[in-house]
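A.B. asks: when you get a sec, could you give me coordinates for this:
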Amino acid sequence: MAPAYDNDNVFAKILRGEIPSHKVYEDEHSYAFMDIMPRCDGHTLIIPKKPARNLLDVEFDSLGHTMATVQKIGRAVMKAFAADGISLLQFNEPAGGQVVFHLHFHIVPRFEGVSIPPYTGEMADHAVLAANAEKLRAALEG
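C.D. replies: Next up, the predicted model:
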């Protein structure tokens with residue numbers, strides 16, 4: 001059995017406004033923001049607002065609303081970064097690669113002939129993240 005949801009995880013703190021983020025999109029059910037340790041420009045995270053440790057315990061309605069946002073952001077990433085495709089990544093439990101225990105989906109823009117960049121753990125420049133968030137917000141509006 002998995003541990004209980006931790007209300008002090010970093011994404012819960014972002015949702016409460018205790019930690020800043022580069023917001024791309026928000027509605028009553030979900031929140032999308034730039035990954036601060038991106039694999040490439042445009043790497044975006046989408047999280048449900050309802051507490052859920054991961055895909056294994058999320059409420060069905062919350063998952064459905066979050067997936068609608070994943071699709072919306074995926075389309076915006078394709079447009080904003082002139083991507084040929086996207087990779088959707090999602091990890092569950094430590095053995096599955098999960099590090100932050102609040103359900104989240106990674107959208108990574110992809111380009112023909114270019115391998116997905118490895119995770120480096122390096123923090124991106126906040127000015128770059130802010131500019132990428134603005135590009136995505138503009139793609140969502142247009």
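A.B. asks: contact partners of the helix or strand containing Glu134?
C.D. replies: Using DSSP states H and E, Glu134 falls within helix 126-141. Helix 126-141 has contacts (C-beta atoms under 8 Å, 6 or more residues apart in numbering) with 22-25, 33-34, 36, 38, 41-42, 44, 72-73, 76-77, 79-81. For the C-beta atoms, the positions are set from N, CA and C on the backbone; glycine is no exception.
A.B. asks: spatially central residue in the protein, please.
C.D. replies: Leu45 (0.7 Å; C-alpha atoms, centre = their mean).
A.B. asks: am I right that it is in contact with Pro38?
C.D. replies: No - Leu45 lies out of contact with Pro38 (C-beta atoms under 8 Å); the separation is 9.4 Å.
A.B. asks: now what about the longest helix along the chain, what contacts it?
C.D. replies: Secondary structure of the chain read by DSSP state H shows that its longest helix is helix 60-80. If you take C-beta under 8 Å, 6+ apart as the criterion, helix 60-80 is touched by 24-25, 27, 29-30, 32, 42, 44, 46-50, 52, 55, 58, 83, 85-86, 88, 103, 105, 107, 109, 132, 135-136, 138-140, 142.
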